[in-house]
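Enquirer: Structure, please.
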Amino acid sequence: MSSLFNVFNISGSAMSAQSQRLNTVASNLANVDSATSANGQPYKAKQVVFSSTPTGPGQSHGVKVEKIIEDSSPAKLVHDPHHPMANADGFVSMPNVNVTQEMVNMISTSRAYQNNVETMNAAKTMLQKTLAIGQP
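Expert: Have a look, this model is predicted:
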């Protein structure tokens, strides 16, 4: 029975981590056209790094967000000589966000989240059926 409860801990940790990943993807997509960020430089895409974490003493491992790192790929240069941030050659440094990759990340994250919801629902159903055994 405790192993079924452990499923909730593992799936819950995965859902929390995927939620943070989805927020990071949303932030990347929201800033795809931002010529500057809060530090005055072009926005840098962020990526989530997951790690394994124990769900409790003597229990299985779940997942957590270890850290969120900035993508080290260079900024995109866009030719727009009328832009106020354009350099002497008319190029503007834009964020290094790859929209296609972010959309793939969003779909992958959404599916992983949904899979964990379905796992929790299956465990809940099994617990309900287990509790119903022996009842008139």
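
Enquirer: What's the separation between Ser52 and Gln101?
Expert: For Ser52, the distance to Gln101 under the criterion CB to CB, to the nearest Å works out to 25 Å. Where C-beta positions appear, they are placed from N, C-alpha and C, glycine not excepted.

Enquirer: Neighbour count for these two, which is higher?
Expert: Neighbours per residue, other CB atoms under 10 Å: of Ser52 and Gln101, the larger number sits with Gln101, 14 against 11.

Enquirer: tell me the pLDDT at that one?
Expert: What the model reports as pLDDT for Gln101 is 95.

Enquirer: For the strand or helix carrying Ser11, give the mean pLDDT please.
Expert: For Ser11, the element it lies in under DSSP states H and E is helix 2-30. Averaging pLDDT along helix 2-30 gives 89.

Enquirer: Kindly report the same for stretch 75-85.
Expert: Taken as a whole, stretch 75-85 has a mean pLDDT of 90.

Enquirer: before we move on, what about stretch 116-135?
Expert: pLDDT averaged over stretch 116-135 gives 89.

Enquirer: what comes up buried for it?
Expert: Of the residues in stretch 116-135, those buried by neighbour count under the rule 16 or more other CB atoms under 10 Å are 116, 119-120, 123.

Enquirer: Next, work out how far apart Lys67 and Asn98 are.
Expert: Spatial separation of Lys67 from Asn98 under the definition CB to CB is 20 Å.

Enquirer: and these two? which has more neighbours close in?
Expert: Asn98 (16 against 9).
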